[in-house]
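**Student:** predicted model, plus sequence, below.
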Amino acid sequence: MKWERIRIAVMLAPTLLVISILFFGSLLYGFLQSLGYNPNIGATDINFDAYLRVMFSEEFSGRFWSGLTLSLWVAFCSTFVSAAIAIFVALLLRRTFFGKKLAVFFFQLNLPIPHLVIAVGMIMLFSQSGLVSRMLGELGLVTSPRDFPALTKDAYGIGIILAYIWKEVAFFGIIVLAILQSLGEDYEAVAQSLGANRWQRFRTVTLPLIMPGLMSASIIVFAFTFGSYEVPRILGVGYPKMLPVMSLDFFLNPDLNARAEGMALSMIIAFIVLVLIFIYMYITARTVRKD
Amino acid sequence: MRRVPFYAAVIAISIAFLAPVISFMINAFAYRWFYPQLVPKEWSLQAWVRLKLIPRPGDRTLESFIDLWTGVPDVISALWLSLAIGTLVTGTSVIIGLPAARALGLYRFRGKKIVEFMIIAPTIVPPIAFSLGLNINFIRWDMALMNAGIPIDLAGSVFGVSLVHLVPVMPYVVLTLSGVFANYDADYEAQARSLGAPPWRIFWDVTLPAILPGLFVAALFAFLVSWSQYLLTFLIGQGRVVTLPALLFSAAGSGNNAMIAAISLVFIAPAILILLVTSRYLSGESSAAGGFGRV
Amino acid sequence: MISLKRTIQVALLSAVSAIGVHAHAESPPGYDSWDQVLEEARGQTVYWYMWGGSDAINGFVDTFYGDPLKEEYGINLERVPLAGTVDAVNQVISEKEAGADGDAGSVDMIWINGENFKTMQQAGLLYGPWAESIPNSALVDWGNPAINLDFGKPVEGMESPWSSAQFHFMYDSARLSDSELPRSYAELGDWIAANPGQFSYVAPGPGNFIGTRFVKQLMFELSGNHEQWVGPFNQELYDQWSMATWKELISWEPNLWREGNTYPESNADFKSLFANGEVEFAFTQSPAGAGPDIGAGVIAPTSRAFSFDNYMIGDFNYLAIPYNAPNKAAALVTANLVLRPDRQAAQVQPANGFCCGWAIDVSRVTDADQIAAIETAMMNLGDAAADPARLSGALVADIAGEYQNLIEEDWQKYVLRGEPLPE
């Protein structure tokens, strides 16, 4: 028994070592620096100055709160809309029909394409002089780029949300489609025989069945869209900025002299994500117990 | 006739999903494609020539292609570099992750939940939260290594970047493979052992064939996650390790759509290839699908 | 004050003076002679950190510097493309924080000017002084304040000039006629009011000096006098004119592109708005005007350049070597090559893709072949260039770096974020 425990420890050691040193070590070091602890320059006091400055000082607070609002808004919209579209498409594609394989392939196409590339594609499609605007122009619905709404590099993060939708619909989609296909249509057939209409069947049968998978996918997508950098960097505006972009700007720009603030901001992002995940785990644990 | 609206919906949705790729395909070959032209009036390979992916017109011989590709211009060298890093990271992550996945898949032990949490953590915590600290740590460690007489650079080197890519890659490799081991019967190994087979033979003849499909999928995901890393490469590579995403990011600021589209096509080609190969493994295996979630 | 193109033309017409390229007695710090530099540089790789957003510039550097460095000096050129020069500055700062001194750094050379130079100079992050002790520095007019001051900050041999540039505008001759063009900020204000939604400018901010420059020039015009801005930073002067500047810019907003709610975040974005007809003007810094962008196919071939009648800022940009550069000798050789007259002649020609102005005083060149190269380059500026007389007549020097930060911060605060102006 003892030998087996040592064996297991040895098997786990390399992976845990890599993750502990590179990931947890850096997280800890970043956290200490955000608290003003930097023995290289002789600073050994620990304080929350950088956090307080980012959140409440006259210089940064306006940017911080607007950035937080935008981040939450973008993460919420991206998650919710992607999930809704994915359910709709998955319901459509679960039937058997001619060309299903191809349609499912297109459905999954954006899955392996990096976010960065999709963000760039959104500019080509949805900028005021982009492909969609030109199509509407051809149809006579708009006469100049100015008539087309600002959907990329806009203050409401619509371009960012669009990019995430393109990516995450595919992500949600395969999860929902997999659940639906493993379940089959038996439950719904029963409901139908009991006289339930389409919407009732969806509401009372299908949705509860896919809900657990949908929820855990949602939390992954929310955490990702809240904390990732590439898409808002490419599709965002100077003000308001999503928090990850703001964090890196503070960290990298020597003119701003705000490296500690940048660190603090990255910790705040991680903290918010972790709190959300703990809330989610708490809720699922409770519902599971109730059942 | 009820099928008509159904097919219309399916086709409309398919076009929407394809739209980004379609726009790259048009843009990459369009020249001076300004508003309000819906279809480009001028077509050109100039973006590809300027990126040195193809030789100048009138010079399209095999020799000139070879000259071009061995002359290591930006895009080609970025492509090779991304491939090299991706392969290195994939190989390392599988070697490191395989025993851990086996331990998690086959055994129950105290602290298993904590180990699982530690391995999943990098997929949940936003990369920005640890990459800033890592950026400084690497420079510190470089100093320590140099003082110890070991001339290895972590910051700004291909080695350092590959090492760091392990952080987002490991969780998916371990989770996918531990799922494989959970359905694996270790008794066959015991039988082989009782027949006197040496450990490497057992691994080669018994274990490997059983886990090979799962291993293959895990490796492809590992490659894809590494392939699409931008932020870590940028912060740890200090701008010196110019992979394809780094190149695309800097091109995205140039405003030249043809160029951006051409690089994008080069960048997504392997990803789509991987999707074609793995799509049949995708359904049902959601921890594997998680690998795509971070791309 | 140097007037870029015109001076050169005048200089060429006049008899070429006999100032030869003379060997300097002083050598760069750490070296006894230039020969020693050359010897040490052989076999080194120079990591040149520079903004990488223009493939034309990247290609120019690789071809016109990379090849001769390899062939003539045995040096490998590794160009490190950056999204903004500030990344390189930050890199050196991080290295210093971590104690990577001596030659333990990673950056050999940075394409730099203005604020980034000041940051590095003040933090003691630069190697030097060396710029006046490389052989070709004899061709540089170090007595010219536009060269020996970088945004008001004395250069003091810590950076060596590469090229020059002057701000002016582009328009599309297929959409606007020459007579409609505004020739001052006052006229531009009227034009905006008469053509709602068709004007914008690059958001001033880190990495977007061209937008800051656009705002600075407005400040000059409102103050009615550029002379008072030259010299050390003057807070009172700034306070006196900055509010008027913000008021003017805010008054434009209802008639700007997207009602001034957002602004283009980079000059490339701005250019693509211009190319697609979303806005009617764009900025250029090239002596060939719209030429380089037409050549790259990013704007319409009918695009042309024009200048206001006054307050068009011109300046030089430079190469600097960090204090911990691992390959200082190779960096010195590269900086010297950049100033060689045939390389300088190559850089002003639009066809070569770089297309910035001269860094050397061409009247100091004596070699016949080199003079021929310069003359050919002058012939080839193309008809997409702005009227050179008007451009040089409007030239003013840039001002102390402190203004830049203030303008960027205040612009973002009052104009972009719309915080109320103090009474």
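**Tutor:** Cool, the structure landed.
**Student:** alpha carbons only for contacts and neighbour counts from here, please
**Tutor:** Will do.
**Student:** which helices and strands sit right next to the lowest-mean-pLDDT helix or strand in chain A?
**Tutor:** The helix or strand of chain A with the poorest confidence is helix A:186-193; it has a mean of 80 (mean pLDDT, DSSP states H and E). The contact analysis (3 or more Cα pairs under 8 Å, 6 or more residues apart in numbering or on different chains; DSSP states H and E) places helix A:186-193 against helix A:198-201.
**Student:** please name the nearest non-neighbouring residue to the most centrally placed residue in chain A.
**Tutor:** Taking Cα atoms, centre = their mean, the centroid of chain A lies closest to A:Thr225, which sits 2.2 Å from it. In space, and not counting its chain neighbours, A:Thr225 is closest to A:Ala75: 5.1 Å by Cα to Cα, 6 or more residues apart in numbering or on different chains.
**Student:** swap in C:Ile112?
**Tutor:** Nearest to C:Ile112 is C:Tyr318, by Cα to Cα, 6+ apart, at 5.3 Å.
**Student:** now do the same for the residue of the stretch 1-150 of chain C found nearest chain B: helix, strand or coil?
**Tutor:** The stretch 1-150 of chain C approaches chain B most closely through C:Gly53 (4.8 Å), counting by Cα to the nearest Cα. Classification of C:Gly53 using DSSP: H, G, I helix; E, B strand; the rest coil returns coil.
**Student:** test my guess that it contacts C:Val80.
**Tutor:** No: taking contacts as Cα atoms under 8 Å, C:Gly53 lies outside contact range of C:Val80: 11.2 Å.
**Student:** distance of the residue nearest to the centre of chain A from C:Val365?
**Tutor:** For A:Thr225, the distance to C:Val365 equals 58 Å [Cα to Cα, to the nearest Å].
**Student:** what about stretch C:285-305, average pLDDT?
**Tutor:** Average pLDDT, stretch C:285-305: 87.
**Student:** can you tell me which residues in the stretch 101-250 of chain B are near chain C?
**Tutor:** B:Ile136, B:Ile139, B:Arg140, B:Met143, B:Gly156, B:Gln238, B:Gly239, B:Arg240, B:Ser250 (Cα under 8 Å from any Cα of the partner chain).
**Student:** so does the helix or strand the first one falls within get close to chain A?
**Tutor:** When elements are assigned from DSSP states H and E, B:Ile136 belongs to helix B:127-147. Yes: judged by Cα under 8 Å from any Cα, helix B:127-147 and chain A are in contact via B:Pro127, B:Ile128, B:Ala129, B:Phe130, B:Ser131, B:Leu132, B:Gly133, B:Leu134, B:Asn137.
**Student:** okay if I get those as a markdown table plus pLDDT and neighbour count?
**Tutor:** Shown next, in a markdown table, are the residues of helix B:127-147 next to chain A (pLDDT from 0 to 100; neighbours: other Cα atoms under 10 Å in any protein chain shown):
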| residue | pLDDT | neighbour count |
| --- | --- | --- |
| B:Pro127 | 91 | 23 |
| B:Ile128 | 92 | 27 |
| B:Ala129 | 92 | 28 |
| B:Phe130 | 92 | 26 |
| B:Ser131 | 91 | 25 |
| B:Leu132 | 89 | 27 |
| B:Gly133 | 88 | 25 |
| B:Leu134 | 90 | 27 |
| B:Asn137 | 87 | 21 |
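**Student:** can you tell me which of the residues you listed is closest to C:Gly401?
**Tutor:** B:Leu132 (28.7 Å; Cα to Cα).
**Student:** who touches the residue nearest to the closest one when sequence neighbours are not counted in this structure?
**Tutor:** Nearest residue to B:Leu132, sequence neighbours excluded (Cα to Cα, 6+ apart): A:Gly30, at 6.5 Å. Residues in contact with A:Gly30 (Cα atoms under 8 Å, 6 or more residues apart in numbering or on different chains) are A:Met263, A:Met267, B:Ala129, B:Phe130, B:Leu132, B:Gly133, B:Leu134.
**Student:** is A:Gly30 located within a strand, as I assumed?
**Tutor:** No: counting by three-state DSSP, A:Gly30 is not part of a strand but helix.
**Student:** need the contact partners of the helix holding B:Ile136.
**Tutor:** With Cα under 8 Å, 6+ apart as the test, helix B:127-147 has contacts from A:22-24, A:26-31, A:33, A:227-229, A:244, A:248, A:251, A:263, A:266-267, A:269-270, B:151-155, B:231-232, B:235-236, C:94-95, C:98-100.
**Student:** and for residue 3, the neighbour number?
**Tutor:** You didn't say which chain, so I picked chain A. When neighbours are defined as other Cα atoms under 10 Å in any protein chain shown, A:Trp3 has 8 of them.
**Student:** not quite, I wanted chain B
**Tutor:** With other Cα under 10 Å as criterion, B:Arg3 counts 9.
**Student:** what's the answer for A:Arg146, then?
**Tutor:** By other Cα under 10 Å, 18 other residues sit near A:Arg146.
**Student:** do the same with the one 4 residues further on
**Tutor:** Using other Cα under 10 Å as the criterion, A:Ala150 is surrounded by 19 other residues.
**Student:** which SS state does C:Leu319 fall under?
**Tutor:** Per three-state DSSP, C:Leu319 ends up strand.
**Student:** residue contacts, the residue in the stretch 301-423 of chain C that chain A sits nearest to?
**Tutor:** Here the stretch 301-423 of chain C gets closest to chain A at one residue, C:Arg417, 6.6 Å apart by Cα to the nearest Cα. For C:Arg417, the contact set (Cα under 8 Å, 6+ apart) comprises A:Tyr239.
**Student:** hmm, 6 Å instead?
**Tutor:** By Cα atoms under 6 Å, 6 or more residues apart in numbering or on different chains, no residues touch C:Arg417.
**Student:** and the pLDDT at it?
**Tutor:** Note on C:Arg417: pLDDT of 90.
**Student:** so C:Ser163 sits against C:Phe354, correct?
**Tutor:** No: C:Ser163 lies out of contact with C:Phe354 (Cα atoms under 6 Å); the separation is 9.8 Å.
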